[in-house]
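> Structure of the sequence below:
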Amino acid sequence: MKYFLLSSLFVLSANGFTASTSNLLSSSRSTSTNLCMSTALIVQNKGGGHGELGFQLARKLASSYADKITSITILQDEADMIDQEPFKSYITDLPENVWVLKATLSNKDNEITAEGLKILLNNEPFDYVWDNCSKGIDSGTIGKAIIDSCSSWNKENCKLLTYVSSAGCYVPTEETTFPMSEVDTPVKDTSGQVQYENYATASKVPFVSFRPQYIYGPKSNKHTYIDWYFDRIVRDLPLPIPGDGTQLVSLTNAEDVASLLASPLNNEKAAIETRIFNCGTDQLVSYSEVAQMCVDSINDKVDEKEVSSPKFVYYDSEKFGKANFPFRLNNFYVAPNLAKEKLNWEGPTHSLKEDLASFYYDNYKQRGGNQGDVKNLEKDEKITSDSN
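Numbers count the residues shown, from 1 in each chain. Here you go, the predicted model:
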């Protein structure tokens, strides 16, 4: 893996920027494969729920699709904290044929254009592009520039643009059946992800979009979903859960999400024709089951002090709303059935129960999650008090 910092990606002086980029490329050619020959581009955000997907995807492409992908470039938003975990571990885990370029990918003061993006990439097209950065096509973000670049590259050799969208765009109704379907579940037309999908489709780019849900992983930097459970369990606190706790949720390991994102390479024609795919595990669990799995992950360790069974407090969501609970009030989940059918996706290789025991709880302790007090428990206490 080769790593470069481009701190002035979208400067106003095109001449100065071109010179800086050319110097970078020419200096790298003497020691490694020419960046211009890269055939896969992964545009990677600064972190959050999607934070590790680009790196997991690069590893998946290098290990399983080496016959199609010979070189990989990650364009990384410089807003990340590359000198801190989990980001600094990303770099050491990447294969040798992966380049990482770091640059400003979101700038409210300057328009990010396709021309600026192509200058950064030495005006060379890519065969395959994955956008794990854009939340829409608004001015000052890179989304529109990526689509416009792919549209122009399509005249040469851009075969596919794959977008990491979000299942959060779904707006289920009382008639919606679960898992939510890509075909007939209503979406929020004003969401940035839907606007991106519509613009890419109208641009005639070979395009496919994946709509993931709740993601976790060994190198994630967003832990709020599962940490909510551990924060209360390790302190022997009640777990206020809306409804009766039987609502189902799809919690997917980032490696399985990356595998889904790479699966269009199994059947590019079917991917483009179908266009929209839900992205998540089919191993669904209930809200209450997540709690019990967290307890088991602690008690199964011989060197850990045993914790008590979950202290469930099931509450009236009409009275207290979402409170501090990390998931939706009602069922809200997707399944990868269409990806299995159309893209020959093999299915998840991870399970939440095994991952909680094998790495999640240990990582939770390393982050200091089991130390100190939990903040903002006022809503928990009010719900618990009302239930007594």
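
> From residue 250, how far out is residue 174?
From residue 174 across to residue 250, the span is 21 Å (CB to CB, to the nearest Å). C-beta: built from backbone N, CA, C; applies to glycine.

> I meant residue 267, not that one.
The gap separating residue 267 from residue 250 is 23 Å, by CB to CB.

> returning to that earlier point: higher neighbour count, residue 174 and residue 250?
Neighbours per residue (other CB atoms under 10 Å) separate residue 174 from residue 250, with residue 250 holding more: 25 against 4.

> Just confirm residue 271 contacts residue 342, I think it does.
Yes: using CB atoms under 8 Å, residue 271 is in contact with residue 342, at 7.1 Å.

> Was I right to think residue 159 contacts residue 268?
Yes: taking contacts as CB under 8 Å, residue 159 lies within contact range of residue 268: 6.5 Å.

> Common neighbours of the two, please.
Counting by CB atoms under 8 Å, 6 or more residues apart in numbering, the residues touching both residue 159 and residue 268 are residue 206.

> Lowest-scoring secondary structure element of the chain by mean pLDDT?
Lowest by mean pLDDT, DSSP states H and E among the helices and strands of the chain is helix 14-29, with a mean of 31.

> how distant is the following helix or strand past that helix from the center of its chain?
Later in the chain than helix 14-29, the nearest helix or strand by DSSP states H and E is strand 40-44. Mean C-alpha position of strand 40-44 versus that of the full chain (CA atoms, centre = their mean, to the nearest Å) differs by 13 Å.

> could I have the following helix or strand past strand 40-44 exported to CSV, CA atoms only?
Sequence-wise, the next helix or strand downstream of strand 40-44 (DSSP H and E) is helix 53-64. Output of helix 53-64 as CSV, limited to C-alpha atoms (Å, rounded to 0.1, in the frame of the first residue of the first chain):
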residue,chain,number,x,y,z
LEU,A,53,-16.2,0.2,4.2
GLY,A,54,-13.8,1.6,1.7
PHE,A,55,-10.9,-0.2,3.3
GLN,A,56,-12.7,-3.5,3.7
LEU,A,57,-13.8,-3.2,0.1
ALA,A,58,-10.2,-2.7,-1.1
ARG,A,59,-9.2,-5.8,0.7
LYS,A,60,-12.1,-7.8,-0.8
LEU,A,61,-11.3,-6.6,-4.3
ALA,A,62,-7.6,-7.5,-3.9
SER,A,63,-8.3,-10.9,-2.5
SER,A,64,-11.4,-12.1,-4.5
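
> relative to strand 40-44, how tilted is helix 53-64?
Orientation note: helix 53-64 sits at an angle of 160 degrees relative to strand 40-44 (axes from the mean of the first three to the mean of the last three CA atoms, to 10 degrees).

> just checking, what packs against helix 53-64?
Where contact means 3 or more CB pairs under 8 Å, 6 or more residues apart in numbering; DSSP states H and E, helix 53-64 is packed against strand 40-44, strand 72-77, helix 87-93, strand 128-132, helix 254-262.

> so what strands line up beside the fourth one?
Strand 128-132 has its sheet partners listed here by DSSP bridges as strand 40-44 (parallel), strand 160-164 (parallel).

> if I look at the residue sitting nearest the centre point of the chain, how far off is residue 137?
Closest to where the C-alpha atoms of the chain average out (CA atoms, centre = their mean) is residue 50, at 2.3 Å. As for residue 50, its distance to residue 137 is 17 Å (criterion: CB to CB).

> How about residue 316?
Residue 316 is 40 Å from residue 137, where distance means CB to CB.

> So which of those two has more stuff around it?
residue 137 (21 against 12).

> so is the more buried one in a helix, a strand, or just coil?
Using DSSP: H, G, I helix; E, B strand; the rest coil, the structure places residue 137 in coil.

> again, but for residue 314
Three-state assignment for residue 314 (three-state DSSP): strand.

> Can you list the low-confidence ranges for this protein?
For the chain, applying pLDDT under 70 flags the ranges 1-38, 48-49, 79-82, 86, 107-110, 154-156.

> Please repeat the previous calculation with a cut-off of 50.
Judged by pLDDT under 50, the chain has its weakly predicted residues at 5-38.

> And the strands in it?
Under the criterion DSSP state E, the chain contains strands at 2-5, 40-44, 72-77, 98-103, 128-132, 160-164, 207-212, 214-216, 239-242, 248-249, 251-253, 276-279, 285-286, 312-315.

> do you know which of these lies nearest residue 336?
Nearest to residue 336, of all the strands of the chain, is strand 276-279, at 6.2 Å by CB to CB.

> returning to what we had before: how about the strands of the chain in JSON lines, adding mean neighbour count and distance to residue 334?
Formatted as JSON lines, the strands of the chain follow (neighbours: other CB atoms under 10 Å; distance: least, CB to CB, whole Å):
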{"stretch": "strand 2-5", "mean neighbour count": "15", "distance to residue 334": "35"}
{"stretch": "strand 40-44", "mean neighbour count": "27", "distance to residue 334": "23"}
{"stretch": "strand 72-77", "mean neighbour count": "25", "distance to residue 334": "26"}
{"stretch": "strand 98-103", "mean neighbour count": "22", "distance to residue 334": "29"}
{"stretch": "strand 128-132", "mean neighbour count": "27", "distance to residue 334": "18"}
{"stretch": "strand 160-164", "mean neighbour count": "26", "distance to residue 334": "14"}
{"stretch": "strand 207-212", "mean neighbour count": "25", "distance to residue 334": "7"}
{"stretch": "strand 214-216", "mean neighbour count": "24", "distance to residue 334": "10"}
{"stretch": "strand 239-242", "mean neighbour count": "24", "distance to residue 334": "20"}
{"stretch": "strand 248-249", "mean neighbour count": "18", "distance to residue 334": "10"}
{"stretch": "strand 251-253", "mean neighbour count": "24", "distance to residue 334": "10"}
{"stretch": "strand 276-279", "mean neighbour count": "25", "distance to residue 334": "4"}
{"stretch": "strand 285-286", "mean neighbour count": "18", "distance to residue 334": "14"}
{"stretch": "strand 312-315", "mean neighbour count": "18", "distance to residue 334": "25"}
